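Chemist: Quick one, fold the following:
(chains A and B)
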Amino acid sequence: MDDDKDAERRAYWRATLRLTAGLLVVWAAASFLPGWFPDELNTLTFFGWPFGFYMAGQGALIIFLLIVWCYDRWMLRLEKRYGLNHEE
Amino acid sequence: MSSRPALLRRLGRYYLLYSIGFVSFVGLLAVAEQFGLTPRWIGQIFLFSTIAIYAAIGVMSRTSDVSEYYVAGRRVPALFNGMATAADWMSAASFIGLAGTLYHTGFEGLAFVTGWTGGYVLVALLLAPFLRKFGQFTIPDFLGARYEGHFARVVGVFAAVLASFVYVVAQIYGVGLITSRFIGIEFEIGVFVGLAGILVCSFLGGMRAVTWTQVAQYLILIIAYLVPVGILSYKVTGVPVPQIMYGTVLRDLGVKEQELFSEPRENAVRALFRVRADEYARKIADLPASLAAERLAQVQRVNELRSQGAPARDVSAAERQLRDLPRSPDEARLKWERVRQESLARTVHPPPHAEPHPGHDRAARDIARNNFLALTFVLMVGTAALPHILMRYYTTPTVREARSSVFWSLFFIFLLYVTAPAYAVFAKWEVYSSVVGSNIASLPHWVASWGKVGLVRIEDMNGDGVLQLAELTINSDAILLLVPELAGLPYVVSGLVAAGGLAAALSTADGLLLTISHALSHDLYYKMINPAASTQRRLVITKSQLLVVAVVAAWVASMRPDSILFMVGAAFSIAASAFFPALVLGIFWKRANKWGAVSGMLAGMGITLYYIVRTHPFFGGSMAEAWFDISPISCGIFGVPAGFIMIAVVSLLTPPPSPEAQALVDYVRLPDLHGRAPTGENGL
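Modeler: Residues are numbered from 1 along each chain as shown, chains lettered A, B, ... in the order given. Got it, this is the predicted structure:
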């Protein structure tokens, strides 16, 4: 394996790590903030729901779906950018 | 082999036809019900026809090829692997129990909803693509290769078998529960009928048969879950989308709750429960004299009734009461204490449905909040560590498909979990607004028929002939089945729901049994005891292990062990603390080595088990011993960080892993390339 390719792969992995860390921050916020500040959030109303209840029961789930979807898209782009998209 | 898009289209066509067939079958039964088919028959037709479908798929997908048997030939498209994972994941507890838990606990129950879905983010970001790239057969396989040797593999096998076995017993128990309560055959027979359904699949076709059966099971369970609450939502709000509409119903429910909680007769009943609790407290304090007095009084009463020539029914009722009297002061103490606790619980109103972290003071509310967060965390990390789920991502064709398959898994799971809170709110609204406050003599028929099997209990405490909220007890497991009754739907819908619950339990049991038998036969036997074993012999060993494990699990389940829900929680904590740190650090930290991993897994699991024994009454522990008032179900909150710290510290104190292990890390981090793994893609 030549050095050029090696450096490229290291850059790919660093980009992957940055993306993963960013998405994990969003995940942690969606998972734990509604449970930590429910009273504060419940002062707002969202289509009839107290907002804290909505976030824990439905909003967080939608965010989770979006995170996993974005991760898949972004990783595809990363693979293309670093020339790792040989299959298919 | 056909090309991939063609395969996808063909599978799509098959399952579409299958769904249409199933829906028409349900429609046919509905028509037959109008012509007088009895509920008992409907239940049994559902039970046997669905098991026959699963068995037929199992027989059609039978295989004796190792790769097919262990990982379904690695050509399950992302969409279908997502459905199979969803069925694998959603157990009897999710399907039957979750709606009831949410009904009884309101906001607090949402920890299960976020916890059981959020874990898939961890699976997607931290595990699935890398495990697929590694491309072997089991989770201990990865531990063995990454942490060089049998030590890590053995610890992995032990943890996988322990967590999966506890979990599979709960599933088989669930099968027995569904068949006995809703279809009306005996518990023990139900357990073995279910077992037969599970075995036909996994025994003949391994992962391949289980995958295609799980897709079929997912379709049944999701139809069964969405239809009744959709109709109830239509009845209450005029829109059949309960997930969107339950917000407004929740608001109305809050108003209704305030109304009920301030009603004078309601409070009178609660006061009566206080009197009863005090009475039992006195009786317990006066033991054994109080028991003797009680016995004497009841003997006198029976004699009195007899001498007066009272109706036979009254006499036998009094005799039964006498017979049921505790035999010893110790038994009386236990029994009466339970009654006292139950009565005490009913002296206060249930917390309003939307109120987060209820408690009488600041400290109690903080404890509730900490437990809520801890439970959410443990369920998420546990999800990302259960071997039967992770194993499914070995079955996709590529790393790319493993990633999108996690998206589909989460999507299919989302459909159920986003509906569960709606179930609870709609059921509660109907119960509060149209059942409570009505005349006890004219209650709907389900109250009586479920009263017989102990799912519903009413007791007219104040004797006014009207049902107060405090006089009604509904078992958690009954809430899901309550919804078709509340919506006034024919019995065929209840049968459909029971079939869905059965599908949920069977599909999870299938996946778990495969995990256990693979761990024992592949990791323990083939990799460690007899690496020279022929393919033929390995499959024979796997299949016989499967049979033994299944029968032992059914035997344990048929003894009806207590606290089954607690055991499921424990399985999550065990898996979380044993696997998650070692797997994640194995991929993201090259320096993690064998000694670190082994000590981290043992430390994590050890702390988790120790905490359970220390705090759970089943093992003689008590909550007085708890750390930070965390309840035993969330014990993984201590085990997971301990595992991470232990791996880091011990790895840094011992020499770094070999170049081969580091090359493996580099290998799994990259997506699909033309190059092959150091161990070989098909390293059998």
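Chemist: Just want the phi and psi numbers for A:P50.
Modeler: As for A:P50, its main-chain torsions (degrees, to the nearest 10) stand at phi -70, psi 130.
Chemist: Flag the shaky bits of the chain, pLDDT-wise.
Modeler: In the absence of a named chain, this looks at chain A. Scanning chain A for pLDDT under 70 picks out A:1-2, A:85-88.
Chemist: switch to chain B, that's the one I care about
Modeler: Using pLDDT under 70, chain B drops low at B:1-3, B:182-183, B:560-565, B:621, B:672-684.
Chemist: quick one: the strands in chain B?
Modeler: Assignment of strands within chain B using DSSP state E yields the ranges B:456-458, B:472-474.
Chemist: Nearest to chain A, out of these?
Modeler: For the strands of chain B, the distance to chain A is smallest for strand B:472-474, at 20.9 Å, taking C-beta to the nearest C-beta. In this view, the C-beta of every residue, glycine as well, is placed from N, C-alpha and C.
Chemist: Can you give me the buried ones in the closest one?
Modeler: Buried residues in strand B:472-474, counted by 16 or more other C-beta atoms under 10 Å in any protein chain shown: B:472, B:474.
Chemist: Name the residues that touch that strand?
Modeler: B:100, B:103, B:431, B:435-436, B:455-458, B:482 (C-beta atoms under 8 Å, 6 or more residues apart in numbering or on different chains).
Chemist: okay, now the residue nearest to B:I189 when sequence neighbours are not counted: neighbour count?
Modeler: Of all residues not flanking B:I189 in the chain, B:T179 sits nearest, at 7.5 Å (C-beta to C-beta, 6 or more residues apart in numbering or on different chains). Counted with other C-beta atoms under 10 Å in any protein chain shown, residues neighbouring B:T179 total 27.
Chemist: Make sure B:T179 is actually in contact with B:L502.
Modeler: Yes. The criterion here is C-beta atoms under 8 Å, and B:T179 meets it with B:L502 at 7.4 Å.
Chemist: anything in contact with each of those two?
Modeler: Common contact partners of B:T179 and B:L502 (C-beta under 8 Å, 6+ apart): B:47, B:194.
Chemist: Centroid-nearest residue for chain A?
Modeler: What sits nearest the mean C-alpha location of chain A, by C-alpha atoms, centre = their mean, is A:L23, with 2.9 Å.
Chemist: Might you report the residue contacts of that residue?
Modeler: Counting by C-beta under 8 Å, 6+ apart, A:L23 has contacts A:67, A:70-71, B:121, B:125.
Chemist: May I ask which of those has the most neighbours?
Modeler: Using other C-beta under 10 Å as the neighbour test, the contacts of A:L23 are led by B:V121, with 28 neighbours.
Chemist: From A:L17, how far off is the residue nearest to the centre of chain A?
Modeler: 11 Å (C-beta to C-beta, to the nearest Å).
Chemist: quick revisit: any chance of the strands of chain B in CSV with distance to B:D523 as columns?
Modeler: CSV is the format used below for these (distance: least, C-beta to C-beta, whole Å):
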stretch, distance to B:D523
strand B:456-458, 47
strand B:472-474, 45
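Chemist: Once you drop chain neighbours, what's closest to B:V649?
Modeler: The shortest distance from B:V649 to any non-neighbouring residue, by C-beta to C-beta, 6+ apart, is to B:G596 (7.6 Å).
Chemist: how near is that neighbour to B:A277?
Modeler: Distance from B:G596 to B:A277, by C-beta to C-beta: 53 Å.
Chemist: who's more crowded, the two?
Modeler: A count of neighbours by other C-beta under 10 Å puts B:G596 above the other of B:G596 and B:A277, at 27 against 19.
Chemist: how close does that one sit to chain A?
Modeler: B:G596 sits 21 Å away from chain A, taking C-beta to the nearest C-beta, to the nearest Å as the criterion.
Chemist: Ok, B:L16 next?
Modeler: For B:L16, the distance to chain A equals 24 Å [C-beta to the nearest C-beta].
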